[in-house]
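Enquirer: Fold the following and give me the result.
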Amino acid sequence: MKQPISALQAARSLSELWSPRVIAELDDSYVKVAKLEGQLGWHSHAEEDELFLVLSGRLRIEMEDREVTLGPGDCFVVPQGIRHNPVADPDTCVLLVEKRTTLHTGSEISEHTRSLESQLRPL
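Expert: I've put the predicted structure just below:
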């Protein structure tokens, strides 16, 4: 990233739901933003943790043994290997930090699954 960027404005500018876009690189990780609504679907990341930071709206992360609800400014790390299902209120925007190797929906494929190439498209 060569210029400052508003993560919230970048997320709000997206037209596709559940389609993260890379806005920065940090060591071996990508910083991504996404606009969310409804549910993504159950999946896990076998070898990577996933950080969610809610920029606006509300996000519930369902896990097999519990769930957490996040509002603006809240963050949570889903540990590697934990099955989870993100569920978002309308107009929810998030910032994600994931290793470059993280597949969008892990080994699960759905209509929401996005390739890394798709996530690297310019805003």
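
Enquirer: Isn't Glu108 up against Leu40?
Expert: No. Using Cβ atoms under 8 Å as the test, Glu108 is too far from Leu40 to be in contact (9.5 Å). (Each C-beta comes from the backbone N, C-alpha and C, glycine too.)

Enquirer: out of these two, which sits in the busier spot?
Expert: Leu40 (21 against 15; other Cβ atoms under 10 Å).

Enquirer: how many neighbours does the closest residue to the more buried one other than its chain neighbours have?
Expert: Leaving out its chain neighbours, the residue that sits closest to Leu40 by Cβ to Cβ, 6 or more residues apart in numbering is Pro86, at 4.7 Å. A count of nearby residues for Pro86, using other Cβ under 10 Å, gives 25.

Enquirer: go on, Leu123?
Expert: Neighbours around Leu123, by other Cβ under 10 Å: 12.

Enquirer: And the pLDDT at it?
Expert: If you check Leu123, the pLDDT there is 85.

Enquirer: which ones are touching it?
Expert: Residues in contact with Leu123 (Cβ atoms under 8 Å, 6 or more residues apart in numbering) are Ala10, Ser13, Leu14, Arg21, Ile23.

Enquirer: Brilliant, that's me finished.
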